[in-house]
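Colleague: after the sequence you'll find the predicted model.
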Amino acid sequence: MYSQLNDDEIERLAKLTEECGEISQMVGKILVHGWENHHPRKPEEGTNRERLEKEKGTHRRKLGTDIKFGPGGMLDVYFASRYLQLRDEVTDEGDDRSTAFTLERLREEGSLSEEDYVVLSSGYSLLRSIDHNLRLIVGRSRRLPDPNHPTARDVASRAGFGSVAEMQEELAEQMKAIRAAYSRILS
């Protein structure tokens, strides 16, 4: 095998590719039709946001905090920044297309208020730190484990928190603030 990947790594990459494809399709629908849109023949399935959260987020499993697809998670930051870029025609410039750089650029262009910039950038920084440490400890995961799980203690410690409770309190506060900023931006 020329890639020198083992079977587990290949399987994880295949699953990641599948997940990315599904998310890409859903985000495309949301960008074209909006969050509140639903399938014309199946309104009982809910809005695009409800379907995405149900399929990928908080309703799928009740275990742990979903830092990627849950309310106030990374997807809210990605979507809000992309929405503002499209709405205000703020194109990507240069080689840096990171979320942090995009948020800064949106603020500079006047598309993002100082208040929402601070909320989204600091919240995203915390989410990325937790996501990074979670990946180092357990591999690919979007959920912070139960507070009593040893992994939660390890993530909290690596992310610079004195305790799991401190990390969870800060995370809950930041995710709530991200969701509020997200709602303001899309209203």
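Modeller: Cool, got the structure.
Colleague: right, and the helix or strand after the host helix or strand of N133?
Modeller: Element membership of N133, judged by DSSP states H and E, is helix 114-138. Downstream of helix 114-138, the next assigned helix or strand under DSSP H and E is strand 143-144.
Colleague: isn't M175 up against L120?
Modeller: No. Counting by Cβ atoms under 8 Å, M175 stays clear of L120, with 11.5 Å between them. Bear in mind the C-beta positions are built from the backbone N, C-alpha and C, glycine included.
Colleague: which one of the two is surrounded by more residues?
Modeller: L120 (27 against 22; other Cβ atoms under 10 Å).
Colleague: name the spans of the protein whose pLDDT lies under the cut-off.
Modeller: Along the chain, the model assigns pLDDT under 70 to residues 1-3, 5, 7-23, 25-27, 29-40, 48-63.
Colleague: what about the helices in it?
Modeller: With helices called from DSSP state H, the chain shows them at 7-33, 48-56, 74-88, 99-108, 114-138, 150-158, 164-186.
Colleague: now the third one: buried residues?
Modeller: Going back to what we said before, that points to helix 74-88. Neighbour counts over helix 74-88 (16 or more other Cβ atoms under 10 Å) mark M74, L75, D76, V77, Y78, F79, A80, S81, Y83, L84, Q85 as buried.
Colleague: give me the domain ranges for this protein.
Modeller: Domain ranges of the chain: 1-56, 62-186, per automatic domain parsing.
Colleague: for these, which one ends up most surrounded?
Modeller: domain 62-186 (a mean of 17; mean count of other Cβ atoms under 10 Å).
Colleague: state the distance from N6 to G72.
Modeller: Relative to G72, N6 is positioned 36 Å away (Cβ to Cβ, to the nearest Å).
Colleague: report the contact partners of the spatially most central residue of the chain.
Modeller: Against the mean C-alpha coordinate of the chain, by Cα atoms, centre = their mean, the closest residue is M74 at 1.7 Å. Each residue near M74 by Cβ atoms under 8 Å, 6 or more residues apart in numbering is listed here: I67, K68, Y124, L127, R128, D131.
Colleague: pretty sure L112 contacts D88?
Modeller: No. The criterion here is Cβ under 8 Å, and L112 misses it with D88 at 9.2 Å.
Colleague: any common contacting residues for the two?
Modeller: Shared contacts of L112 and D88 (Cβ under 8 Å, 6+ apart): L106.
Colleague: re earlier: who touches the helix holding N133?
Modeller: 67-68, 72-74, 77, 80-81, 99-100, 103-104, 106-107, 112, 141-142, 144-145, 151, 154-155, 158-160, 167, 170-171, 174-175, 177-178, 180-181, 184-185.
Colleague: K42 versus the residue lying closest to L144 once chain neighbours are set aside, what's the distance?
Modeller: Sequence neighbours aside, T65 is the residue nearest to L144 in space, at 4.4 Å (criterion: Cβ to Cβ, 6 or more residues apart in numbering). T65 is 30 Å from K42, where distance means Cβ to Cβ.
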